[in-house]
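1. sequence plus predicted model, see below.
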Amino acid sequence: MENRNFHYAYRILMGILLVEYLIIQLSGVGLHALVGNPLFSLPADPVSWLPFLAAIPGILLWNLTGAWFFDIFLLLILVALFLNPLRQLPGIVGCILSFLFFVTMMSRHIHWNFQEGMFIVLFPLVFKRIRSKLFAFEAIRYFLLFFYGSAGLLKLLSGSYLNSQHLSHLLTGQFGPYFLEGNTGWRTSVHLFLVNHSGISYFLFLGSIVLELFAFVGFFTRRFDPFIALSLLLFHLADWVIMDIAPFGQLAFICLLFFSRSLLRNSSTAGDFAIRNA
(Lines give C-alpha, C1' and ligand atoms only; values in the text may rest on other atoms or scores of the structure.)
Protein backbone atom coordinates (compact mmCIF):
# COMPACT_ATOMS: atom_id res chain seq x y z
CA MET A 1 0.00 0.00 0.00
CA GLU A 2 2.85 2.40 0.86
CA ASN A 3 4.52 1.68 -2.47
CA ARG A 4 1.29 2.29 -4.37
CA ASN A 5 0.49 5.56 -2.57
CA PHE A 6 4.02 6.91 -2.93
CA HIS A 7 4.20 5.88 -6.58
CA TYR A 8 0.88 7.60 -7.35
CA ALA A 9 1.76 10.81 -5.49
CA TYR A 10 5.24 11.19 -6.92
CA ARG A 11 4.18 10.32 -10.42
CA ILE A 12 1.87 13.33 -10.34
CA LEU A 13 4.56 15.51 -8.77
CA MET A 14 7.09 14.43 -11.40
CA GLY A 15 4.56 15.21 -14.10
CA ILE A 16 4.20 18.73 -12.72
CA LEU A 17 7.98 19.12 -12.43
CA LEU A 18 8.44 17.85 -15.98
CA VAL A 19 5.99 20.45 -17.31
CA GLU A 20 7.76 23.17 -15.31
CA TYR A 21 11.12 22.14 -16.72
CA LEU A 22 9.76 22.13 -20.28
CA ILE A 23 8.31 25.62 -19.78
CA ILE A 24 11.69 26.85 -18.53
CA GLN A 25 13.44 25.35 -21.56
CA LEU A 26 10.88 26.62 -24.07
CA SER A 27 11.09 30.08 -22.52
CA GLY A 28 14.72 30.25 -23.66
CA VAL A 29 16.37 30.12 -20.25
CA GLY A 30 17.87 26.63 -20.35
CA LEU A 31 21.62 26.18 -20.05
CA HIS A 32 22.02 26.05 -23.82
CA ALA A 33 20.59 29.57 -24.01
CA LEU A 34 23.10 30.93 -21.50
CA VAL A 35 26.33 29.74 -23.12
CA GLY A 36 28.66 32.70 -23.55
CA ASN A 37 26.94 34.83 -20.93
CA PRO A 38 28.88 35.95 -17.84
CA LEU A 39 28.39 34.18 -14.52
CA PHE A 40 28.35 35.89 -11.16
CA SER A 41 29.79 34.30 -8.04
CA LEU A 42 27.49 34.19 -5.03
CA PRO A 43 29.89 33.89 -2.06
CA ALA A 44 27.24 35.03 0.41
CA ASP A 45 25.06 32.04 -0.37
CA PRO A 46 26.28 28.73 1.14
CA VAL A 47 24.15 26.75 -1.33
CA SER A 48 26.46 27.79 -4.17
CA TRP A 49 29.83 27.38 -2.40
CA LEU A 50 30.63 23.79 -3.33
CA PRO A 51 29.52 24.00 -7.01
CA PHE A 52 31.52 27.22 -7.46
CA LEU A 53 34.60 25.80 -5.76
CA ALA A 54 34.41 22.95 -8.28
CA ALA A 55 33.80 25.49 -11.11
CA ILE A 56 30.77 23.45 -12.19
CA PRO A 57 28.59 26.36 -13.41
CA GLY A 58 31.41 27.48 -15.72
CA ILE A 59 31.97 23.94 -16.97
CA LEU A 60 28.26 23.48 -17.74
CA LEU A 61 28.26 26.65 -19.82
CA TRP A 62 31.65 26.08 -21.43
CA ASN A 63 30.26 25.08 -24.83
CA LEU A 64 26.91 24.83 -26.54
CA THR A 65 27.06 21.06 -27.17
CA GLY A 66 27.71 20.28 -23.52
CA ALA A 67 24.93 22.59 -22.37
CA TRP A 68 22.46 20.98 -24.79
CA PHE A 69 23.52 17.55 -23.56
CA PHE A 70 22.90 18.57 -19.94
CA ASP A 71 19.47 20.03 -20.69
CA ILE A 72 18.35 16.97 -22.68
CA PHE A 73 19.81 14.47 -20.21
CA LEU A 74 18.01 16.10 -17.29
CA LEU A 75 14.81 16.04 -19.34
CA LEU A 76 15.22 12.30 -19.94
CA ILE A 77 15.85 11.71 -16.23
CA LEU A 78 12.65 13.54 -15.33
CA VAL A 79 10.74 11.48 -17.89
CA ALA A 80 12.19 8.30 -16.34
CA LEU A 81 11.10 9.45 -12.88
CA PHE A 82 7.63 10.23 -14.18
CA LEU A 83 7.36 6.70 -15.54
CA ASN A 84 8.72 5.12 -12.36
CA PRO A 85 9.47 7.42 -9.40
CA LEU A 86 10.52 4.49 -7.19
CA ARG A 87 13.81 3.88 -9.02
CA GLN A 88 16.66 5.10 -6.85
CA LEU A 89 19.42 5.76 -9.41
CA PRO A 90 17.40 8.18 -11.57
CA GLY A 91 16.29 9.83 -8.33
CA ILE A 92 19.88 10.43 -7.23
CA VAL A 93 20.98 11.64 -10.66
CA GLY A 94 17.89 13.82 -11.08
CA CYS A 95 18.34 15.47 -7.68
CA ILE A 96 22.01 16.27 -8.34
CA LEU A 97 21.44 17.55 -11.87
CA SER A 98 18.45 19.66 -10.81
CA PHE A 99 20.56 21.16 -8.03
CA LEU A 100 23.34 22.06 -10.49
CA PHE A 101 20.78 23.46 -12.93
CA PHE A 102 19.33 25.65 -10.17
CA VAL A 103 22.73 26.93 -8.97
CA THR A 104 23.85 27.74 -12.51
CA MET A 105 20.65 29.60 -13.32
CA MET A 106 20.80 31.45 -10.02
CA SER A 107 24.41 32.48 -10.61
CA ARG A 108 23.56 33.82 -14.05
CA HIS A 109 20.48 35.81 -13.06
CA ILE A 110 21.69 36.78 -9.56
CA HIS A 111 18.37 36.03 -7.90
CA TRP A 112 16.32 33.10 -6.74
CA ASN A 113 13.60 33.14 -9.39
CA PHE A 114 14.69 29.68 -10.51
CA GLN A 115 13.43 28.17 -7.31
CA GLU A 116 15.22 25.53 -5.32
CA GLY A 117 12.01 23.53 -5.04
CA MET A 118 12.82 21.85 -8.34
CA PHE A 119 15.57 19.79 -6.72
CA ILE A 120 14.27 19.65 -3.14
CA VAL A 121 11.10 17.87 -4.29
CA LEU A 122 13.36 15.13 -5.69
CA PHE A 123 15.16 14.55 -2.40
CA PRO A 124 12.93 11.65 -1.18
CA LEU A 125 13.67 9.78 -4.41
CA VAL A 126 17.34 9.58 -3.47
CA PHE A 127 16.55 6.86 -0.93
CA LYS A 128 15.80 3.21 -1.66
CA ARG A 129 13.44 2.07 1.09
CA ILE A 130 9.89 3.44 1.16
CA ARG A 131 10.19 4.25 4.85
CA SER A 132 13.27 6.34 4.14
CA LYS A 133 11.46 8.09 1.30
CA LEU A 134 8.57 8.90 3.64
CA PHE A 135 10.98 10.18 6.28
CA ALA A 136 12.57 12.49 3.68
CA PHE A 137 9.13 13.51 2.42
CA GLU A 138 8.12 14.61 5.90
CA ALA A 139 11.42 16.48 6.33
CA ILE A 140 10.96 18.52 3.15
CA ARG A 141 7.34 19.16 4.10
CA TYR A 142 8.53 20.89 7.28
CA PHE A 143 11.23 22.72 5.32
CA LEU A 144 8.57 24.00 2.92
CA LEU A 145 6.41 25.24 5.80
CA PHE A 146 9.40 26.96 7.41
CA PHE A 147 10.59 28.40 4.09
CA TYR A 148 7.33 30.24 3.40
CA GLY A 149 6.29 30.91 6.98
CA SER A 150 9.64 32.47 7.84
CA ALA A 151 9.41 34.70 4.75
CA GLY A 152 6.18 36.16 6.09
CA LEU A 153 7.65 36.43 9.59
CA LEU A 154 10.71 38.30 8.32
CA LYS A 155 8.42 40.85 6.66
CA LEU A 156 6.84 41.44 10.05
CA LEU A 157 10.16 41.65 11.89
CA SER A 158 11.61 44.03 9.30
CA GLY A 159 8.68 46.38 9.80
CA SER A 160 8.00 46.65 6.08
CA TYR A 161 4.31 46.07 6.77
CA LEU A 162 4.23 49.44 8.54
CA ASN A 163 5.10 51.25 5.31
CA SER A 164 1.96 51.75 3.24
CA GLN A 165 4.12 52.69 0.23
CA HIS A 166 6.26 49.55 0.37
CA LEU A 167 4.82 47.64 -2.61
CA SER A 168 4.44 50.82 -4.65
CA HIS A 169 8.15 51.55 -4.19
CA LEU A 170 9.06 47.94 -5.08
CA LEU A 171 7.04 48.13 -8.26
CA THR A 172 8.64 51.42 -9.24
CA GLY A 173 12.10 49.91 -8.89
CA GLN A 174 11.16 46.57 -10.45
CA PHE A 175 9.47 47.98 -13.52
CA GLY A 176 11.25 51.29 -14.00
CA PRO A 177 13.11 49.89 -17.04
CA TYR A 178 9.83 48.52 -18.44
CA PHE A 179 8.25 51.96 -18.29
CA LEU A 180 11.31 53.66 -19.79
CA GLU A 181 11.31 51.19 -22.68
CA GLY A 182 7.68 51.99 -23.36
CA ASN A 183 6.37 48.47 -22.77
CA THR A 184 2.60 48.39 -22.96
CA GLY A 185 -0.03 45.80 -22.17
CA TRP A 186 -2.40 44.76 -19.42
CA ARG A 187 0.41 43.96 -16.96
CA THR A 188 1.96 47.41 -17.37
CA SER A 189 -1.48 48.92 -16.77
CA VAL A 190 -1.81 46.89 -13.57
CA HIS A 191 1.61 48.08 -12.37
CA LEU A 192 0.81 51.72 -13.05
CA PHE A 193 -2.51 51.35 -11.26
CA LEU A 194 -0.88 49.85 -8.17
CA VAL A 195 1.88 52.46 -8.15
CA ASN A 196 -0.70 55.24 -8.29
CA HIS A 197 -3.05 53.59 -5.76
CA SER A 198 -0.79 52.78 -2.85
CA GLY A 199 -3.73 51.85 -0.60
CA ILE A 200 -4.68 48.93 -2.83
CA SER A 201 -1.07 47.81 -3.25
CA TYR A 202 -0.61 47.98 0.53
CA PHE A 203 -3.66 45.76 1.03
CA LEU A 204 -2.24 43.23 -1.45
CA PHE A 205 1.12 43.31 0.34
CA LEU A 206 -0.53 42.56 3.68
CA GLY A 207 -2.48 39.76 2.01
CA SER A 208 0.76 38.20 0.76
CA ILE A 209 2.12 38.18 4.31
CA VAL A 210 -1.00 36.41 5.57
CA LEU A 211 -0.71 33.78 2.82
CA GLU A 212 2.90 33.08 3.80
CA LEU A 213 2.25 33.04 7.55
CA PHE A 214 -0.56 30.53 7.02
CA ALA A 215 2.16 27.95 6.35
CA PHE A 216 2.98 27.89 10.08
CA VAL A 217 -0.36 26.19 10.71
CA GLY A 218 1.12 23.08 9.11
CA PHE A 219 3.49 22.66 12.05
CA PHE A 220 0.54 21.79 14.27
CA THR A 221 -1.72 19.79 11.95
CA ARG A 222 -1.75 18.29 8.45
CA ARG A 223 -5.49 18.86 8.18
CA PHE A 224 -5.02 22.18 6.41
CA ASP A 225 -2.16 21.15 4.11
CA PRO A 226 -4.30 21.34 0.92
CA PHE A 227 -5.42 24.85 1.88
CA ILE A 228 -1.84 25.88 2.65
CA ALA A 229 -0.86 24.61 -0.80
CA LEU A 230 -3.67 26.61 -2.41
CA SER A 231 -2.68 29.74 -0.49
CA LEU A 232 0.95 29.42 -1.59
CA LEU A 233 -0.06 28.81 -5.19
CA LEU A 234 -2.22 31.93 -4.98
CA PHE A 235 0.75 33.82 -3.55
CA HIS A 236 2.94 32.77 -6.47
CA LEU A 237 0.23 33.57 -9.01
CA ALA A 238 -0.14 37.08 -7.60
CA ASP A 239 3.65 37.44 -7.47
CA TRP A 240 3.85 36.43 -11.12
CA VAL A 241 1.18 38.89 -12.21
CA ILE A 242 2.30 41.80 -10.06
CA MET A 243 6.09 41.35 -9.79
CA ASP A 244 6.70 39.32 -12.97
CA ILE A 245 8.40 36.56 -10.95
CA ALA A 246 7.46 33.27 -12.58
CA PRO A 247 6.76 30.36 -10.19
CA PHE A 248 8.06 27.59 -12.46
CA GLY A 249 10.41 25.37 -10.53
CA GLN A 250 8.45 25.74 -7.29
CA LEU A 251 5.01 24.39 -8.18
CA ALA A 252 5.71 20.65 -7.78
CA PHE A 253 7.39 21.40 -4.46
CA ILE A 254 4.27 23.19 -3.16
CA CYS A 255 1.92 20.55 -4.56
CA LEU A 256 3.49 17.86 -2.37
CA LEU A 257 1.27 19.28 0.40
CA PHE A 258 -1.74 17.86 -1.44
CA PHE A 259 -0.40 14.36 -0.74
CA SER A 260 1.03 14.77 2.75
CA ARG A 261 -2.01 13.47 4.61
CA SER A 262 -2.49 10.40 2.43
CA LEU A 263 1.21 9.51 2.55
CA LEU A 264 1.98 10.24 6.18
CA ARG A 265 -1.28 9.69 8.05
CA ASN A 266 -1.93 6.00 7.42
CA SER A 267 1.56 4.72 6.76
CA SER A 268 4.77 4.05 8.66
CA THR A 269 5.83 7.67 8.76
CA ALA A 270 9.14 8.99 9.91
CA GLY A 271 7.81 9.66 13.40
CA ASP A 272 6.11 6.27 13.74
CA PHE A 273 9.23 4.55 12.49
CA ALA A 274 11.41 6.36 15.01
CA ILE A 275 9.08 5.55 17.91
CA ARG A 276 8.81 1.89 17.02
CA ASN A 277 12.57 1.54 16.78
CA ALA A 278 13.52 3.69 19.77
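-> Arrived safely. Residues are numbered from 1 along each chain as shown.
2. how about the helices in the stretch 101-250 of the chain?
-> 117-120, 130-158, 166-180, 186-196, 198-213, 225-243 (DSSP state H, counting those that start in this stretch).
3. and the first one, what does it pack against?
-> Packing partners of helix 117-120 (3 or more Cβ pairs under 8 Å, 6 or more residues apart in numbering; DSSP states H and E): helix 2-26, helix 88-109, helix 130-158, helix 251-255. All C-beta atoms are positioned from the backbone trio N, CA, C, and that covers glycine.
4. other residues contacting it?
-> If you take Cβ atoms under 8 Å, 6 or more residues apart in numbering as the criterion, helix 117-120 is touched by 17, 20-21, 95, 98-99, 101-102, 140, 143-144, 249-254.
5. how about Leu81, nearest residue that isn't a chain neighbour?
-> Distances taken as Cβ to Cβ, 6 or more residues apart in numbering place Met14 nearest to Leu81, at 4.7 Å, with adjacent residues excluded.
6. Met243 and Arg187 touch, don't they?
-> No: applying Cβ atoms under 8 Å as the test, Met243 and Arg187 come out as separate, 10.3 Å apart.
7. can you list the low-confidence ranges for the stretch 51-200 of the chain?
-> Within the stretch 51-200 of the chain, the stretches with pLDDT under 70 are 109-114, 174-184.
8. mind running it again at 80?
-> Where the stretch 51-200 of the chain drops to pLDDT under 80, the residues are 107-115, 160-161, 163-164, 166, 168-169, 171-189, 191-192.
9. in CSV, list the helices of the stretch 101-250 of the chain along with distance to Pro85 and mean neighbour count.
-> CSV is the format used below for the helices of the stretch 101-250 of the chain (distance: least, Cβ to Cβ, whole Å; neighbours: other Cβ atoms under 10 Å):
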stretch, distance to Pro85, mean neighbour count
helix 117-120, 15, 24
helix 130-158, 9, 18
helix 166-180, 37, 15
helix 186-196, 36, 14
helix 198-213, 29, 17
helix 225-243, 19, 18
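10. how about those, which one is nearest Leu39?
-> Nearest of those to Leu39, taken as Cβ to Cβ: helix 117-120 at 18.8 Å.
11. how far off centre is the closest one?
-> 6 Å (Cα atoms, centre = their mean, to the nearest Å).
12. residues touching Ala229, list them.
-> 254-255, 257-258.
13. of all these, which comes closest to Leu60?
-> Set against Leu60, the nearest of the contacts of Ala229 by Cβ to Cβ is Ile254 (26.8 Å).
14. hmm, back to that, what is the nearest of the contacts of Ala229 to Phe82?
-> Among the contacts of Ala229, Cys255 lies closest to Phe82 (Cβ to Cβ), at 14.1 Å.
15. give me the phi and psi for the residue most central in space within the chain.
-> For the chain, the residue nearest the mean C-alpha position is Gln250 (2.5 Å; Cα atoms, centre = their mean). In terms of degrees, to the nearest 10, the main-chain angles of Gln250 are phi -120, psi -10.
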